[in-house]
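Undergrad: Using only what follows, build the 3D model:
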Amino acid sequence: MKCMKRKKLKKILYVLFSLFLFDRYAYPLIHYSIPPIYVKKAIKSKKIQKLCKTDLYLKFLKDDLKTPLSVLKLAHLVTAKYLTYVPHIDFPFKERRDAFEKGEADCSFYSIFVYSNYLYIVEKLGLNHLKDKVRLVTGYVSTEDVSGAHRWVEYKEDGAWKVYETTDDIFESCEFLCPSKKSIEEELKLVENLNEGNYYGLTYIHFKNGELKRGANLKNIIFNKKGLAQLVIETLKNRDY
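TA: The predicted structure is shown next:
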């Protein structure tokens, strides 16, 4: 009788432990193990630069783009001229596609556009040493107002990765079709890295050895305090990203 109870207890403990592991690691493992084909395809798409008219901006600021952050700000600016950030474009897929065709995007596509423009600019201007200084990150964010799944970009400065929030609409409306060095510089001065809150990057896409590769932030994956269940609940409750 005692032997049966022990076996039953072991099974219960095994199930509970398995559920704990699944809850804790399912979200990052899904993102890492399944190749984000559509993300890489979108990043490499020349259509993004055509839509954003990225080339119009390069001739004015070629000599000013020397750091990852300066290029990232310009990539954000040209993206903001085409896309408007709109939260809640999650489900169904048709809703996201229709909004995208109107020039609207959620955090996922917005950050993809910014990252794609960043890579395009550094390649176009021969700044290849800056390619691996910015990465596209997937994880979750927790602030006073919102909490849930999110996507953003990060840039490397002084040996550390810093969050760059792409969903902040901080640009005024300059002439998009006829930009000038003055108008672009004035708008870039408005850029503030508004990333208040706790960002937990779990997986990322980055440029390495001439190719886009996947990576994982093992520290955040192992030591984060949230699991899949809590993340899903918070995302459904506060879908502002």
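
Undergrad: From now on I want contacts and neighbour counts done on CA atoms only, so please keep to that.
TA: Will do.

Undergrad: average pLDDT across the longest helix seen in the chain?
TA: The residue-count maximum for a helix in the chain (DSSP state H) belongs to helix 2-33. Helix 2-33 comes out with an average pLDDT of 77.

Undergrad: Buried residues of whatever helix or strand comes next after that helix, list them for me.
TA: Once helix 2-33 ends, the next helix or strand along the chain (criterion: DSSP states H and E) is helix 37-44. By 16 or more other CA atoms under 10 Å, the buried positions in helix 37-44 come out as 39-40, 43-44.

Undergrad: contacts for the very next helix or strand once past helix 37-44?
TA: For helix 37-44, the succeeding helix or strand toward the C-terminus, using DSSP H and E, is helix 47-52. For helix 47-52, the surrounding residues in contact (CA atoms under 8 Å, 6 or more residues apart in numbering) are 42, 55, 78-79, 81-82, 113, 116-117, 120.

Undergrad: Name the residues of the helix or strand just after helix 47-52 that are buried.
TA: Using DSSP H and E, the next helix or strand after helix 47-52 towards the C-terminus is helix 55-61. Within helix 55-61, the residues scored as buried using 16+ other CA under 10 Å are 57-58, 61.

Undergrad: re earlier: mind checking which of the contacts of helix 47-52 are buried?
TA: 78-79, 81-82, 113, 116-117, 120.

Undergrad: TSV please, covering those and showing distance to residue 149, secondary structure and pLDDT.
TA: Below are the buried ones among the contacts of helix 47-52 laid out as TSV (distance: CA to CA, whole Å; DSSP: H, G, I helix; E, B strand; the rest coil; pLDDT from 0 to 100):
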residue	distance to residue 149	secondary structure	pLDDT
78	25	helix	87
79	22	helix	88
81	25	helix	82
82	24	helix	84
113	18	helix	91
116	21	helix	94
117	23	helix	94
120	27	helix	94
